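**Q** Need coordinates for the following:
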Amino acid sequence: MKKLLILFFLFILSHTVSAQWSVNAAMGLDFRSAPSFRDYINSNYPSQGNSLQTFKSAASFSLEADYKIQENFEIGLQYDLLIDSYTTPVGIAGTYEISYNHHRPSLLAYYVIPGPGYQFKFGGGIGFRYVSLNEKVYSSSNYTASGVGLLLCAVGNTQLSKNFYALIGLDARYDAPGEVSNGSSKLVNNSIGENLNINSISFGIYLGVTYTF
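**A** The predicted structure follows:
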């Protein structure tokens, strides 16, 4: 029995030592189509020459930790924050402002293609989505929404030194946090009588660094 336990712990130790962790930090640009958000602004707060188009760009920032189970298979946890805003004049010397932070954590799985000094990863995942939105016309109000999202991504790493890699990535997302509310009320697109939601399809590109250990 003792020999079996020793062999078991040696097996676990050998796999732990051979496994590889990596962490990365990146920033990027998302090109997003959020029809409800676009129509809400264009209908309720139109501005000459400043209306939203089908796709709008927004900045994103991410942190990720990945664990290589096998040479060609990796799992990871990513936290991504997207920040979006819109401002336009209203009335006499007034300003309309709307902005939101979209928190997009995801569990990921990758297929890895390693090489000398580089690697490519292709994968996807799913995660919780949470939005905190602020709207200010003459006073400010906060609204929230939560839901789920899907993610597909492709990542390339090029070695800079022993443990550091440069990172470039592409992703495609479908996020569905749903309708925003503050508990007592929701934002309504008066032209069509629909509640504002932050559901979107997006395509992003991001750059960063990866550290392996």
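**Q** Show me the shaky parts of this protein.
**A** For the chain, the stretches with pLDDT under 70 are 1-19, 47-49, 93.
**Q** ok, now with 50
**A** 4-5, 7-13, 16-18 (pLDDT under 50).
**Q** As a check, name the ranges of all strands in it.
**A** 20-33, 56-70, 73-90, 94-103, 106-115, 118-136, 140-159, 164-176, 188-189, 194-195, 200-212 (DSSP state E).
**Q** ok, for residue 146, nearest residue in space, not its chain neighbours?
**A** In space, and not counting its chain neighbours, residue 146 is closest to residue 130: 4.8 Å by Cβ to Cβ, 6 or more residues apart in numbering. Every C-beta, even on glycine, is put in place using the N, C-alpha and C of the backbone.
**Q** what's around residue 179, how many residues?
**A** Counted with other Cβ atoms under 10 Å, the neighbours of residue 179 add up to 18.
**Q** wait, isn't it in contact with residue 145?
**A** Yes. Residue 179 lies in contact with residue 145 (Cβ atoms under 8 Å); the separation is 6.1 Å.
**Q** shared neighbours, these two?
**A** residue 197 (Cβ atoms under 8 Å, 6 or more residues apart in numbering).
**Q** Let me see the contact set for residue 101.
**A** Neighbouring residues of residue 101 by Cβ under 8 Å, 6+ apart: 81, 82, 83, 131, 132.
**Q** cutoff 6 Å now
**A** 83, 132 (Cβ atoms under 6 Å, 6 or more residues apart in numbering).
**Q** do residue 24 as well
**A** Residue 24 touches 64, 167, 208, 210, counting by Cβ under 6 Å, 6+ apart.
**Q** Tell me how many other residues surround residue 42.
**A** When neighbours are counted by other Cβ under 10 Å, residue 42 registers 16.
**Q** going forward, begin numbering at 682 instead of 1
**A** In the new count, where the first residue is 682, that last one comes out as residue 723.
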